[in-house]
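Novice: Kindly generate the corresponding structure for this input.
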Amino acid sequence: MEFEFYNWMLVFVRVSAFLLALPFFSAVNFPAMLRVALAAVAAILLAPQLPPLSLGHLDVFSWVGLFFREISIGLLLGFVGRTVFYAADIAGNIVSNELGLNMGQILDPATHQSEQLPGTILFLLTTVTMLTLDLHHGMLMGFAKTFEVLPVGGGQLSTSLFEAVIERSSTIFVTALQISAPVIAVSFVVTLFFAVMSRAVPQMNVFGESFGFRIAAGLVVFGFTLQISAQYVANYLNRLPEDLMSFGHLIEGK
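Specialist: Numbering: from 1, shown residues only. The predicted structure is shown next:
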């Protein structure tokens, strides 16, 4: 029972940190008691499958260091699982800047903060895509398998791990640019068109007239390309279990 309790406690800490980093579990309107209960149930299911640990000889500082290590691993794996949501937020900001919708903000019920409308739409699109295609099951299964390659109490920092984190961070901006590329292209075409019109018709108020055309054309293209954006999200989420496993190997130092 002593070994099982140690296993359960360390697994519970890692799972709690992982759920805390995910967008829907860390939302303000998601009950904290339910998040703790989910982490406890997941730890009960995973802990018996792990080899027992004898940690009774550790002092308080060693326990604190072990807990901090498991929390860091859970947050890092949660960051890997949340990168596509970061990409959706950045893509929404790019779309808002291109269409001139920076002043049009709404209250996001998940964070209780003011967010731009395109970013909220892409965030909800990412969440619905994950839940509708049952891709969240694959993400959770990939996280559960990380205990096989990265047992509790293991893990170390390495150069390859830092390089993988930097590369993962760069993919956020690449994915955001891919999602917002159609709107950027339309905004450029509209700007180019009115630049030519300003030469042809100098009396036209190009600065004022271009706003309506840019917003209308951008929203139309944004709506028609939501399916393509969902495909980008689905492709990324399909690779997520393997990404979690690869990060588990890197943290273990393999």
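Novice: For this structure, give me the ranges with low pLDDT.
Specialist: 1-3, 53-57, 102-114, 206-208, 253-254 (pLDDT under 70).
Novice: Just want the most central residue of it.
Specialist: R82 (1.9 Å; Cα atoms, centre = their mean).
Novice: can I assume P52 sits in a strand?
Specialist: No - counting by DSSP: H, G, I helix; E, B strand; the rest coil, P52 falls outside a strand, being coil.
Novice: What is the neighbour count of it?
Specialist: 12 (other Cβ atoms under 10 Å). Using the backbone N, CA and C atoms, a C-beta is placed for each residue, glycine as well.
Novice: My guess is it contacts W8. True?
Specialist: No - between P52 and W8 there is no contact under Cβ atoms under 8 Å: 11.0 Å.
Novice: Helix or strand: which one has E115?
Specialist: Using DSSP states H and E, E115 sits within strand 113-116.
Novice: Mind checking what helix or strand follows that strand in sequence?
Specialist: Assigned by DSSP H and E, the successor of strand 113-116 is helix 117-132.
Novice: List the buried residues of that next one.
Specialist: L117, P118, G119, T120, I121, L122, F123, L125, T126, T127, T129, M130 (16 or more other Cβ atoms under 10 Å).
Novice: closest to L237 among the residues you listed?
Specialist: Using Cβ to Cβ, the shortest approach to L237 within these belongs to M130, at 5.8 Å.
Novice: circling back: dump the buried residues of helix 117-132 into CSV; add distance to F147 as well.
Specialist: Listed next are these as CSV, based on distance: Cβ to Cβ, whole Å:
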residue, distance to F147
L117, 40
P118, 38
G119, 34
T120, 35
I121, 36
L122, 32
F123, 29
L125, 31
T126, 26
T127, 26
T129, 27
M130, 22
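Novice: Nearest to L244, out of these: which one, please.
Specialist: Nearest member of those to L244, counting by Cβ to Cβ, is M130, at 14.4 Å.
Novice: right, and the closest one touches H136 too?
Specialist: Yes - if you go by Cβ under 8 Å, M130 and H136 touch, sitting 5.1 Å apart.
Novice: And the helices in the stretch 51-200 of the chain?
Specialist: Along the stretch 51-200 of the chain, the segments classed as helices by DSSP state H, counting those that start in this stretch run 60-99, 117-132, 135-149, 159-200.
Novice: V36: which of these is closest?
Specialist: helix 60-99 (13.7 Å).
Novice: Show me what that closest one packs onto, helices and strands only.
Specialist: helix 2-21, strand 113-116, helix 117-132, helix 135-149, helix 159-200, helix 206-224, helix 226-238, helix 240-252 (3 or more Cβ pairs under 8 Å, 6 or more residues apart in numbering; DSSP states H and E).
Novice: buried stuff in that helix?
Specialist: 66, 69-71, 73-74, 76-81, 83-99.
Novice: Then stretch 140-156?
Specialist: Quick answer for stretch 140-156 (16+ other Cβ under 10 Å): L140, G142, F143, A144, T146, F147, V149, L150, P151, V152, G155.
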